[in-house]
Every structure is written in C-alpha cells, then in structure tokens.
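Student: Need a 3D model of the sequence below.
(2 chains, ligands or ions: 2)
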Amino acid sequence: MEPPQTSSAVTLRVNGVRHRLRDLDHRTTVLDALREHLGLTGAKKGCDHAQCGACTVLVDGRRANSCLLLAVAYDGAEVTTVEGLADGDALHPLQEAFLVRDGFQCGYCTPGQLCSAVGMIAEAGGGAPSVVTPPGTAAAGAPVPLSPEEIRERMSGNLCRCGAYGNIVAAVEDVTR
Amino acid sequence: MSDPGPVRLEGREKVTGTARYAAEHTPPGTAYAWPVPAAVPRGRVVAVDAGAALAEPGAVAVLTHENAPRLKRVDDDTLLVLQNDQVPHRGWYVALAVADTPEAARAMAAAVRVSYAPEEHDVVLTPGHPRLYVPEKANAGVPGSRERGDFDGAYASAPVRVDATYTTHALHNHPMEPHATTARWEDGRLVAYDSCQGANAVQETLAGLFGVDKGRITVVAEHVGGGFGCKGTPRPQVVLAAMAARHTGRPVRLALPRAQLAAVVGHRAPLVQRLRLGAGEDGVISALAHEVTTHTSTVREFVEQAAVPSRAMYVSPNSRTTHRVVALDVPSPSWMRAPGEAPGMYALECAMDELACAAGVDPVELRVRNDTAAEPDSGKPYSSRHLVECLREGARRFGWEARDPRPRSRAEGRLLVGTGVASSYYPVFHMPSSAEAHVTETGRYRVRINATDIGTGARTVVALIAAEALGVALDRVAVEIGSSDLPAAWLAGGSGGTGSWGWAVHKACRALNAMVDARGGTVPPGGLTATADTADDIPSDPPHAMASFGAQFAEVTVDTDTGEVRVRRLLGVFAAGRILNARTARSQFIGGMTMGVGMALLEGSTMDPRFGDFAERDLASYHVPTHADVRGIEAHWIDETDPLLNPMGSKGIGEIGIVGTAAAIANAVHHATGVRVRDLPVLPEKVLG
Ligand code: FES
Ligand code: FES
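Tutor: Numbers count the residues shown, from 1 in each chain, chains lettered A, B, ... in the order given. Ligands and ions are numbered 1, 2, ... in the order given. Next up is the predicted model:
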C-alpha cells in the first residue's frame, strides 16, 4: 500500500503575487504558510486556535482567522494580508487613521484589526446584518450603517490586550463616516 | 488646543506589518521547538521515552533533564528547566521537542512518552491553611508586615466600623504576543531575539545560567507584543531556546503555545483580603487593618504586596498591614500590571465605599476627608499629591453631584443603573540607567539606550525627551532602543521606564550640548558623543514619598433578568506628573482601565483541586475584554509640576490605569442593585444571588 500523502503542491496568490509552495506539509495552516514559508510575518499568531483574531487576513475577499485554515484546502485562494493594504507608499486610509487615532500600542493585534476592519466594512456594505442590527434597519442587500455599536460588535473577534478598542473604533469611524 | 503629541515613531512599521517581533527573525537553518508540559501536579519524572518522537519525519532532538545542557543557579529557580526529575507543578516543562518544521515539532511533542511517579499535591489556598507564614518581604521589597499605633484598641472604640473580606482569583496577563525566542550560538556567542520587557535582565540572567560572559550575549527586543509584567524578567522560553540551540548547533525558535502560558509565565495570585476600617461619625479613619492571604509556588517565593496601598492612601493613625503566604504545588505567581496595587486597591476602595455607606458620607467626600499630605507609613511628605483634585475634577466631569446615594434608586426598564467611584494610586520608581547621545557634523542626533517599547510608546517618548533636552526639533533625533548591545537600562516595568530612561537620556543630551558649547558651538568631523549613567543621581532613600494618584468613576447597568453587568461609562482623572506625550499617555491610561474592566467583570481562573491546573488556560475560556465590552472610557489628567521627581517632572503611567477600576465598577454595581459582591469578577450569578 502506498504511504499516505502528507504534503502537496499549493498555490496561493498573496497580495497579488502568485506563490507556489511545491511540497507543503498538509498540517501547515495558511498563517504558517505566510509566516514561515513566504516571509510575510504581518499576520500574527496570538493563539493558533481562532480565539484572538491576530491572524486575520482576507481570503477571497472575506476575513478569516488564518490559523484555522489548512493551506492545502486553500489551493488557488486569493489572500490579502496587512502587507497588501497600502498602495505602495500610500497607506490605506484605515492605516492612516490607526496612526492618528493611536489605534494600537504594542501593535501585535494591529494587522488583524486592520484586515478585520477592511473585511467588516465590506460585509456591512454588502448588507450583512450583525446581532445588534435592529431588524428592518436596512432593506435586504442595502448597506448597514456602521454605528459605533455595530463596529464594536463586528470587531469583537479581534482581541486587543493593550486596550486600544476605543481608538480603533474611532479610527474605523474616521474612514466610514 | 493642547498639543496632541506625536504619533508613534514605529507606527508605520506596525500598521504595515513590517515591525518584526521575536518569532519573526528566522536565521538560515532555524529549527523549531515545542515544549512538553508535566502531566501530573507533583512528583518525579521516572522515564522519558523519545523513541516515537524521534521517529517523526523532520525530528531533530528531544531534550530532557538527562541530556539538556547544565545550567548554573541564578536568583530565579523557575528558569532551571530540564535540570532534574522533579515536577513542582502541572505544566512545568519536562521535555522539549526540536524539529525542522513547526508542524513536526508539535507532533514530536505529542509523541514524547513521559512516565511519572506522582506524589500528593496541595494546590488550594485557604485562609486557614496550616502552612501559612508571614514573609519577611513581599514583592518590590516591601515589609511583609507593618504595625503603627494600636489598631485593636482604636478599632474597638471606633463609632463606625467596616469589616469585610474580598476575594480575587488567579489572573493571567495574556499579552497578545505569546512568549517567544529565536536563539542561536555562533563561536561561543549567543544571540537571542526575545519577547521581553528588558533585554539587559535577560542578558544577565542567561550569562549566569550558561556561565558565559555577558559580553558574549546579545538579547534583542526591538518590538514586543505586550507584556504587562509577565515578560519583566526572563521566562523559560528564552532558556529553553538557548539550550536547544546549543544542543542542536542550529538556530532554534520557540514560541510558547497560548494554552501553556498560565503554567509557566507567572500569574497574579489569588488573594483573600480582610479589610477593617474604624472611623469617627464623620468618616475620618482612626483604625485601618488590611490583611492579605495568598499563595506562592514551591519553586519561588513571590508575594503579591496587596496591603501596600493601605500604607499610603489615607490618614490611618492606627494601622496593621500584613501578608501571609503559603507555598503550594502551583505555578509560580509573578508580576501582573500593578502587582499589589491593583488587587489591594480593589479591596481598600470597596471597603471605603462600605465605610461611606456606614457613615452616611458621600464616597467622594469621604476620600477627601481622609486625604493626607504625608505617606502615613513612612511619615514622608508626598512630593506632589493631587488626589483631591482628581476626585473633584472627576466628579465635575462625571456629573456626580446629581447622584442619589440610595442603592436601587435608578431604573431604566429592566436595567438598574448605578455609579461608583474609587481612587487610583501607583508609586514612582526610578532605576539606574545609562544612555548615549551623539551629534553629527551636520547637526543630526542619535540617542542610544536599551529602553524597551512593549506598546507604551517608549521609543517616541525617549525621542521627545532627547529633543527637549537638546533643544532641537523631534525630527532631528533618531533613537535606537531594544538591544542589550546598547547602553544598559532598566526594564519596562514598575511604571519606571520613562522616568529611568528619560533621566539618563536627559543627562546624556545635556552633556552633549555642553561638549558642543565648550567647542564654541562647532561639531568636529566624526561628530561628538556623550554618555551618561544615573547610578549616582537617583537617591536610594529620597526624603519625599512619590506616587501618581487618580480617581475613577463608573456607571454600570445591571440587567435584573440576567444579572449581566455592563459598563456604560468609565472616567479616569489622573495626576501623574508631567504628561510627556498626550497621544500615547491617553492610550496607556485607557488601556489600563480596559484591563481593569476585565478584572472587574470577566477575568479569573480556577485552580482545579484535583488536577492542580488552572481550568481556564486559553482565550476562549479566560475572558479578556473585547470591543463589545468597552464603551465610553475616557481619561483626563491634571497637569502636575513636581521638580522633586526627575529632570522631566514625570511619573509613571503604565499601571495606574488598572488601579481602582474594579472597585469603581463593583461599587457602582452595589449602588445599582444594593448587592455587595466581594468576589471578583462580578459575574451574573453573584449579582442575582
Ligand atoms: S492566532 Fe488565529 S485567532 Fe488567534
Ligand atoms: S495593540 Fe497590543 S494587543 Fe492590541
């Protein structure tokens, strides 16, 4: 009998660049593929158990905890990390707002907060309600307005032990208002 | 408008993901390590069978007490990992797997078979534990026990008395970056990228452990993902990584798994605090006893100095402040943000609220009446103390005047609404540090000091202090911090970083200006360099007591159906010397207050008596505040000019924010409901009774 296959070739498009990992261990997460194989250490490992949000990236346009995704299952996926948010030297408006609002201290949760906020804004823009969205606020598919309460609810998967929450919400409001 | 302060100098790196933390340096050939924690609460390792682990593809080595490099003893036995067969508590590391990849290391660790000879264990702190003793010193070198006047007599004759016991459970720091080290040996030199609060402390400890001259060790901590005390001194990961790198001859990365942290990086110990306040009808305190019972481990004595605030806060002519501790078979406790002050002020400030109720005095007014110009225990006058101003300013901003003092006096539908107040306090520490300032021929400056930025804004504040001392614009000053190769300095702890580093930087910059002046204002090719050391400048026994003070006001809602408590508003007003960077200072205050919300309502872990383990070890079970828990937190400060502190006139601000928060919230819960919860966190079931 053939020994079980434990590695595969996996292709990820990260921040617009195609990377082919020729012999990737099936146990490797998207997070470890980014950090250990592609040298993209922007996405952080805070818990490795989908409990903190530090590893949040955008996978095919949606935010995801990359520590929870096995890379082999995401062959061909389009991944955006914090390194891909800026346009050359021009920071993404959220990155600017985080600087001005001091939306971080140690910075370890920050890449996850930024990617999560980008995904969150798109979700609300696409009409996805949250648990705090009053029923009937928006017609199906119409954008849900991002009140501070909506932002807090939708960003609650991203922990910040430094306690920068208030400043993060203010930064998000700066770009959504 | 007042100066908002500069944005963080390293901010751009942090928001673009290019700032590199300890686990993000990968020298060629790096191997990955994964620890094996002890699976019994106490006993001996009888055998380690590494056969299956070493058969894993990519296996490099398994380190155990039988083959690991020998260490010399230093002043912290928690670092003597893999040196003998003893298991002092569950979770203590008994082996380390090393492999070519992280996946293989993890699989190896799971495959290591350890057999134990378990022994009886004792992990439960009880107020009547037979092995309790009074330590000579508690943390920070304070006396374990103090008596002033005649507490018993004064308390017995006091017309108003409060006698209440407050309990808190183990708390965990959980910085978002778990402890991590990347270590490599080259030609007898050790380089370690370590997630720590001070590279000099790590360097010196590694030198001692490995018997290597510290000049042959470089520890780098350029960016650190939070610490809150649990990275204050070296932790086992740096020792294990250095051992594994020596054993395998390869660079080794060790990033501790989140769920292992509770057992190996320190915790805030559980506390039982009995407060007795005796006062006149006017609420002025005549007798104060603060008696603390806590645990430490059998590995290292660490005593949370929770009674210390009662030696400093209020008039108390007759006072007893004591600590009793028992060494249990538990993980070693250590520093967590405001050790001593945070839990001690929770108990004292709740007792003050109870006294206010008992005496029928407004809680703000009660604190004002018990204000003191001198530190009661030492008799030393405070260099500056603006507690009353913080209380008054906070009351004004919060709208305290309109408060109906009766519990359960405000309802909104099924919500009860209440407000509470508490004081904040944190002492000022200065520790010797050294710094170097350099100017180029073209008038650019470079300041070098081994300060550590764990998120405080240290890099930015060091540059600000330098620019001010030099009398130049901020953008002409470059700063190098975060490496033991730089001039040695105190760690980021005890809220003493800015004061200690700033003093040395200020001195070096002034010396540099004097050198330039002596040359008629010219700088020669190659530039000029000045160095400074503050070892002789910092008085060992200053004539004044020095501390930051503050007042916190909380408004909570309590759901009468579910018992859920929500903080609607939290206001802190602080008097903490001169604030050097408003932008980052506000973040420090608010960050501390946010952790205080966690302490009040969410955080606490349970020691499992049978397994000898904290039951809540990960972020799914140990709840820290999230976005949704934090609303309406505001911090303000009173400008304080105090020339007796240091050349900048600054006090520390990293910890005072967490001091008083839990009491303000617990007092607000009492005001809302009439229920006095004396056990943190204030969970729904305790409110509903
Ligand atoms: S590291 Fe993925 S959620 Fe924490
Ligand atoms: S900035 Fe430190 S955890 Fe969020």
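Student: which residues are there in chain A that come within reach of ligand 2?
Tutor: A:104-110, A:160-162, A:164 (Cβ under 6 Å from any ligand atom). (Glycine included, C-beta is placed from N, CA and C.)
Student: Now the nearest residue to residue B:537 once chain neighbours are set aside: which helix or strand?
Tutor: Distances taken as Cβ to Cβ, 6 or more residues apart in numbering or on different chains put residue B:503 closest to residue B:537, at 6.7 Å, once the chain neighbours are dropped. When elements are assigned from DSSP states H and E, residue B:503 belongs to helix B:497-518.
Student: So for that helix, mean pLDDT?
Tutor: Mean per-residue pLDDT for helix B:497-518: 98.
Student: Measure how far it is from the centre of its chain, please.
Tutor: 28 Å (Cα atoms, centre = their mean, to the nearest Å).
Student: List the buried residues in the next helix or strand after that helix.
Tutor: Heading C-terminal from helix B:497-518, the first helix or strand you meet, by DSSP H and E, is strand B:528-533. Residues B:528, B:530-533 are the ones in strand B:528-533 that count as buried (16 or more other Cβ atoms under 10 Å in any protein chain shown).
Student: With stretch B:570-579 instead?
Tutor: So stretch B:570-579, judged by 16+ other Cβ under 10 Å, has buried residues B:570-577, B:579.
Student: Of all pairs in those residues, which one is the farthest apart?
Tutor: Spatial extent of the buried residues of stretch B:570-579 (Cβ to Cβ) is set by the pair B:570 and B:577 at 22.5 Å.
Student: picking up where we left off before, make JSON lines from the residues of chain A next to ligand 2 and add secondary structure, pLDDT and distance to residue B:491 to it.
Tutor: Converted to JSON lines, the residues of chain A next to ligand 2 look like this (DSSP: H, G, I helix; E, B strand; the rest coil; pLDDT from 0 to 100; distance: Cβ to Cβ, whole Å):
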{"residue": "A:104", "secondary structure": "coil", "pLDDT": "98", "distance to residue B:491": "22"}
{"residue": "A:105", "secondary structure": "coil", "pLDDT": "98", "distance to residue B:491": "17"}
{"residue": "A:106", "secondary structure": "coil", "pLDDT": "98", "distance to residue B:491": "15"}
{"residue": "A:107", "secondary structure": "coil", "pLDDT": "98", "distance to residue B:491": "19"}
{"residue": "A:108", "secondary structure": "coil", "pLDDT": "98", "distance to residue B:491": "19"}
{"residue": "A:109", "secondary structure": "coil", "pLDDT": "98", "distance to residue B:491": "23"}
{"residue": "A:110", "secondary structure": "helix", "pLDDT": "98", "distance to residue B:491": "23"}
{"residue": "A:160", "secondary structure": "coil", "pLDDT": "98", "distance to residue B:491": "23"}
{"residue": "A:161", "secondary structure": "coil", "pLDDT": "98", "distance to residue B:491": "19"}
{"residue": "A:162", "secondary structure": "coil", "pLDDT": "98", "distance to residue B:491": "18"}
{"residue": "A:164", "secondary structure": "coil", "pLDDT": "98", "distance to residue B:491": "22"}
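Student: wait, which of these is closest to residue B:226?
Tutor: For these, the nearest to residue B:226 is residue A:106 (4.2 Å; Cβ to Cβ).
Student: roughly how far apart are residue A:36 and residue A:177?
Tutor: 39 Å (Cβ to Cβ, to the nearest Å).
Student: Can I take it that residue A:151 is in a helix?
Tutor: Yes - according to DSSP: H, G, I helix; E, B strand; the rest coil, residue A:151 belongs to a helix.
Student: Does it touch residue B:627 like I think?
Tutor: Yes - using Cβ atoms under 8 Å, residue A:151 makes contact with residue B:627 at a distance of 7.4 Å.
Student: follow-up on the earlier one: same drill for residue A:36 and residue A:177, tell me which one is more crowded.
Tutor: residue A:36 (21 against 7; other Cβ atoms under 10 Å in any protein chain shown).
Student: OK, contacts around the closest residue to the more buried one other than its chain neighbours?
Tutor: Among residues not flanking residue A:36 along the chain, residue B:102 sits closest, at 6.6 Å (Cβ to Cβ, 6+ apart). Counting by Cβ atoms under 8 Å, 6 or more residues apart in numbering or on different chains, residue B:102 touches A:32, A:36, B:32, B:34.
Student: Go through those and name the one nearest ligand 1.
Tutor: residue A:32 (10.4 Å; Cβ to the nearest ligand atom).
Student: Disregarding residues adjacent in the polypeptide, which is nearest to that closest one?
Tutor: residue B:102 (6.1 Å).
Student: what about the closest residue to residue B:47 other than its chain neighbours, distance to residue B:80?
Tutor: Distances taken as Cβ to Cβ, 6+ apart put residue B:115 closest to residue B:47, at 4.8 Å, once the chain neighbours are dropped. As judged by Cβ to Cβ, residue B:115 and residue B:80 stand 22 Å apart.
Student: more crowded one of the two?
Tutor: Per other Cβ under 10 Å, whichever of residue B:115 and residue B:80 has more neighbours is residue B:80, with 18 against 12.
Student: which residue sits closest to that one, ignoring its sequence neighbours?
Tutor: residue B:71 (5.8 Å).
Student: Now that neighbour. Its backbone dihedrals?
Tutor: phi -110, psi 150 (degrees, to the nearest 10).
Student: ok, it to ligand 2 distance?
Tutor: 32 Å (Cβ to the nearest ligand atom, to the nearest Å).
Student: which residues touch that residue?
Tutor: Counting by Cβ under 8 Å, 6+ apart, the residues that residue B:71 touches are B:79-81, B:83, B:209-210, B:239, B:243.
Student: Now do the same for residue A:135: its pLDDT.
Tutor: pLDDT, residue A:135: 85.
Student: oh sorry, the question was meant for residue A:138
Tutor: Looking at residue A:138, its pLDDT reads 65.
Student: Nearest to chain B: which residue in chain A?
Tutor: For chain A, the residue closest to chain B is residue A:42, as judged by Cβ to the nearest Cβ, at 2.3 Å.
Student: Next, the residue sitting furthest away from the middle of chain B: phi, psi?
Tutor: Within chain B, the residue lying farthest from the chain centre (Cα atoms, centre = their mean) is residue B:520, at 46.7 Å. Main-chain dihedrals, residue B:520, degrees, to the nearest 10: phi 70, psi 30.
Student: what's the distance between it and residue B:471?
Tutor: For residue B:520, the distance to residue B:471 - Cβ to Cβ - is 17 Å.
Student: Map the structural domains onto the sequence of the chain.
Tutor: Since you didn't name a chain, this refers to chain A. Per the record, chain A has its domains at A:7-84, A:93-176, by automatic domain parsing.
Student: think we crossed wires, I meant chain B
Tutor: Each domain of chain B, as a residue range, per automatic domain parsing: B:368-429+B:540-689, B:431-533.
Student: So which of these is nearest ligand 1?
Tutor: domain B:368-429+B:540-689 (7.3 Å).
Student: For the closest one, what is the distance to the chain centroid?
Tutor: So, by Cα atoms, centre = their mean, the centroid of domain B:368-429+B:540-689 is 15 Å from its chain's centroid.
Student: Now do the buried residues in stretch B:338-350.
Tutor: Buried residues in stretch B:338-350, defined by neighbour count with 16+ other Cβ under 10 Å: B:338-350.
Student: farthest pair in those residues?
Tutor: So, those by Cβ to Cβ: farthest apart are B:339 and B:350, at 18.7 Å.
Student: So which bits of the stretch 151-300 of chain B are right by ligand 2?
Tutor: Counting by Cβ under 6 Å from any ligand atom, the stretch 151-300 of chain B sits next to ligand 2 at B:176, B:226.
Student: For the stretch 151-300 of chain B, just list every one of the helices.
Tutor: B:151-156, B:199-210, B:236-248, B:261-264 (DSSP state H, counting those that start in this stretch).
Student: Let's see the distance spanning stretch B:442-456 from one end to the other.
Tutor: Between the opening and closing residues of stretch B:442-456 lies a distance of 31 Å (Cα to Cα, to the nearest Å).
Student: Help me see whether it makes contact with chain A, please.
Tutor: Yes - residues of stretch B:442-456 contacting chain A under Cβ under 8 Å from any Cβ of the partner chain: B:454-456.
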